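**Q** fold the following for me, if possible:
(chains A and B)
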2 protein chains.
Amino acid sequence: MENNAEQEQKKGEEVVVNPWEVSSTTGKIDYDKLIDKFGCQRLDETLIQRVERLTSRPPHVFLRRGVFFAHRDFNEILDAYERGEKFYLYTGRGPSSEALHLGHLVPFMFTKYLQDTFKVPLVIQLTDDEKCIWKNLSVEESQRLARENAKDIIACGFDITRTFIFSDFDYVGGAFYKNMVKVAKCVTVNKVVGIFGFTNEDIIAKISFPPVQAVPSFPSSFPHLFSGRDNLRCLIPCAIDQDPYFRMTRDVAPRLGYQKPALIESSFFPALQGETGKMSASDPNSAIYVTDSGKDIKNKVNRYAFSGGQDSIENHRKYGANLEVDIPVKYLSFFLEDDAELEHIKKEYGAGRMLTGEVKKRLIEVLTELVERHRRARAAVTEEI
Amino acid sequence: MENNAEQEQKKGEEVVVNPWEVSSTTGKIDYDKLIDKFGCQRLDETLIQRVERLTSRPPHVFLRRGVFFAHRDFNEILDAYERGEKFYLYTGRGPSSEALHLGHLVPFMFTKYLQDTFKVPLVIQLTDDEKCIWKNLSVEESQRLARENAKDIIACGFDITRTFIFSDFDYVGGAFYKNMVKVAKCVTVNKVVGIFGFTNEDIIAKISFPPVQAVPSFPSSFPHLFSGRDNLRCLIPCAIDQDPYFRMTRDVAPRLGYQKPALIESSFFPALQGETGKMSASDPNSAIYVTDSGKDIKNKVNRYAFSGGQDSIENHRKYGANLEVDIPVKYLSFFLEDDAELEHIKKEYGAGRMLTGEVKKRLIEVLTELVERHRRARAAVTEEI
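**A** Alright, predicted model coming up:
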């Protein structure tokens, strides 16, 4: 297992990817290198075609367009599914802010697709304890944020009969706590120092946390859901910064007689200002929030979305847009479902026949519709959580 | 706060006293030095007289005879009691073996006296998680031992309407877990390395444990018992090897807005073979168990109880017994309630007019009665736990 995710990636280029920090001195993350470093596998075309074949429906946009780009043992989950065996999904969120932004929705939108397609149970962990520890929030404030976030998550439209959403402060105990102790018995301090970069100056709360995020990977942590099904496999859709937790979990699982969880991992949703990692909760203009009005969205996209267009119309017509760095095109490739339209925009914009303003206009429509739909769904969420 | 309880006490004499090890290169523990090292206070005659005055009954044998010899803020508990305020008691046990020995009963016998005398609530923690971690027992086996030990503890005769007995694997969660996280946020890895002597080779389960033993000191960990009484003070009767946990707890409490727990601390019950610290669970002949028959007790006392008598009757008559090292006399001073009789035995035996055999005979009677009484009480304990 690779030590310290924050080693330099290549000479002069330093990349930090761990659950608490995503950054790169070059402003760009080389995901191929990250796959090598973390030791996961690329989610290649063959695997995507296999998903399509097995599910008899087109793969999700996030699969087709490489948003989810890496995995661990996802092929084994498909093997099991092909044999008629079930699995369950586990995802989560650290509730550090009241409102979610579009980047936060990505794993949940994809998880909903997986649940709908494979018809499997889902557990969603809200790590209010983690945020209480790292963000130095009070227990009460962390719990409040968890409750608010839960409404946004439910609004993503999960099959409520197959979904269990919980916060750690509410749920830790019983079988879950027993698994935490079992995991914590298999991991040394040196190990978590290596995986997470903790130091002896850190509070013990940090050292104690990784087992909390590990154990939802084991069905026995949920006796009311999976009683007698200790061998049920777990598939975790998440952003790749969460990989360290599950490297640890996969390391430990066989020693406890448990199955290793499989993972399907996404790249990071870029900030409006450009692709330098994840969006920053501390800068509201770096992201579109699900609470933003149509006017907010229009304003943010027009003012802040980094454009790959040229500096003058003449040059733009001549050289075309640089799609590699263009945020409107990147956002459209997450949320514009129509492949033909996206291809058309990329072709026309890249050739300089379409202007940044036109692309932004289309993005504003797409995002406004997405956020409006989310807002309506959230308003319909009652206090049944 | 003193670092590492296992520092050398004075040149050439090394003493280790922590929750997992009690040993001394000289075979004897200098409790005065331990008080200085740990920074607690001596439980002096004035304080004992104050207990007698406040409670209008003779102080417990364990107070009169210095078994409980140290404290932290016990005087403040008495101040509060005098003002008509209540407090609650917290004690516990790590269930590492199926049967308890006499040394295990000491804190519970004393806690029962405190509960009866002050008419206060009591919480008893069975740290099955701790034993699962340190003794490498399975979760299930630790829980089984906790359940067996609970019966022996209940048999000590606590006021069942005022007593809450729980095991960590059953109870950790909710308000208790929230307090664990709060404590763990106040303690660095360096700190627990200093207090408990952990190293980076240790499993993170060990680092994670101290908050579990800390939080029963806070009434808010038991909302079903102490709701709205967050300022209720806590008094912890325990053997002095548990002091490191509560040094840490007292350090943290004010930062959480909680009261520091007070402590009343005992010396160690000696092994039959002599006073070298605590008894060893791995040597059944080093202790009298509550499961021992009258025949076992007679055999163990006669064969193994280290005698301070002289090697021949002539020498014994001439020099008398060395009471300082004599185990039968030490055991009698724990369990023979009659002060006059104990004084008589010490005087006659010390002067050589009484022989070891006679003292052992009296001890066998006292222990057999004690164990018989315990056995009857335990048999009456139903599965209501």
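
**Q** so what's the residue of chain A found nearest chain B closest to, chain neighbours aside?
**A** Chain B sits closest to residue A:173 of chain A, with a gap of 2.4 Å, by C-beta to the nearest C-beta. The C-beta positions use only the backbone N, C-alpha and C, and glycine is treated the same way. Nearest non-adjacent residue to residue A:173, counting by C-beta to C-beta, 6 or more residues apart in numbering or on different chains: residue B:173, 2.4 Å away.

**Q** how about the one you found, what does it touch?
**A** A:171, A:172, A:173, A:174, A:177 (C-beta atoms under 8 Å, 6 or more residues apart in numbering or on different chains).

**Q** who does the helix or strand containing residue A:238 pair with, and is each partner parallel or antiparallel?
**A** According to DSSP states H and E, residue A:238 maps onto strand A:233-239. Sheet pairing for strand A:233-239, assigned by DSSP bridges, gives strand A:87-93 (parallel), strand A:262-266 (parallel).

**Q** who's in contact with the longest one?
**A** Pointing back at strand A:87-93 there. Contacts of strand A:87-93 (C-beta under 8 Å, 6+ apart): A:77, A:80-81, A:104, A:107-108, A:111, A:114-115, A:118, A:120-127, A:149, A:153, A:213, A:216-217, A:219, A:225-226, A:232-238, A:261-262.

**Q** what angle separates the strand or helix carrying residue A:245 from strand A:262-266?
**A** Assigned by DSSP H and E, residue A:245 belongs to helix A:243-252. Per axes from the mean of the first three to the mean of the last three C-alpha atoms, to 10 degrees, the angle that helix A:243-252 makes with strand A:262-266 is 170 degrees.

**Q** is helix A:243-252 positioned near chain B?
**A** No - figure legend: helix A:243-252 not in contact with chain B (C-beta under 8 Å from any C-beta of the partner chain); closest approach 10.1 Å.

**Q** for stretch A:113-128, same thing?
**A** No - under the criterion of C-beta under 8 Å from any C-beta, stretch A:113-128 makes no contact with chain B; the nearest approach is 9.5 Å.

**Q** quick one: end-to-end distance for that stretch.
**A** End-to-end span of stretch A:113-128 (C-alpha to C-alpha, to the nearest Å): 25 Å.

**Q** just stretch A:161-181 next, same as before
**A** Stretch A:161-181: ends 30 Å apart by C-alpha to C-alpha.

**Q** try stretch A:261-273
**A** Per C-alpha to C-alpha, stretch A:261-273 runs 35 Å from first to last residue.

**Q** tell me the mean pLDDT over that stretch?
**A** Stretch A:261-273 shows an average pLDDT of 95 in the prediction.

**Q** ok, and the helix or strand in chain A with the lowest average confidence?
**A** The helix or strand of chain A with the poorest confidence is strand A:8-10; it has a mean of 43 (mean pLDDT, DSSP states H and E).

**Q** next helix or strand past it?
**A** strand A:13-18.

**Q** list the buried residues of that following strand.
**A** A:15, A:16, A:17, A:18 (16 or more other C-beta atoms under 10 Å in any protein chain shown).

**Q** so the first one touches residue A:28, yeah?
**A** No - contact between residue A:15 and residue A:28 fails when scored by C-beta atoms under 8 Å: they sit 9.1 Å apart.

**Q** convert stretch A:187-198 to PDB, retaining C-alpha atoms only.
**A** Output of stretch A:187-198 as PDB, limited to C-alpha atoms (Å, rounded to 0.1, in the frame of the first residue of the first chain):
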ATOM      1  CA  VAL A 187      -4.700  -1.000  12.300                       C
ATOM      2  CA  THR A 188      -1.600   0.400  13.900                       C
ATOM      3  CA  VAL A 189      -0.900   4.100  14.500                       C
ATOM      4  CA  ASN A 190       2.000   3.800  12.100                       C
ATOM      5  CA  LYS A 191      -0.500   2.600   9.500                       C
ATOM      6  CA  VAL A 192      -2.900   5.500   9.800                       C
ATOM      7  CA  VAL A 193       0.100   7.900   9.800                       C
ATOM      8  CA  GLY A 194       1.100   6.400   6.500                       C
ATOM      9  CA  ILE A 195      -2.300   6.400   4.900                       C
ATOM     10  CA  PHE A 196      -3.700   9.600   6.200                       C
ATOM     11  CA  GLY A 197      -0.600  11.700   7.100                       C
ATOM     12  CA  PHE A 198      -1.700  12.100  10.800                       C
END
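
**Q** quick one: is that stretch near chain B?
**A** Yes - against chain B, stretch A:187-198 shows contacts by C-beta under 8 Å from any C-beta at A:187, A:188, A:189, A:190, A:191, A:192, A:193, A:198.

**Q** returning to what we had before: export the buried residues of strand A:13-18 to CSV and append columns for distance to residue B:135 and pLDDT.
**A** Formatted as CSV, these follow (distance: C-beta to C-beta, whole Å; pLDDT from 0 to 100):
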residue, distance to residue B:135, pLDDT
A:15, 43, 81
A:16, 40, 84
A:17, 39, 86
A:18, 34, 88
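
**Q** where exactly do the strands run in chain A?
**A** Per DSSP state E, chain A carries strands over the ranges A:8-10, A:13-18, A:21-24, A:41-42, A:68-72, A:87-93, A:122-126, A:163-167, A:233-239, A:262-266.
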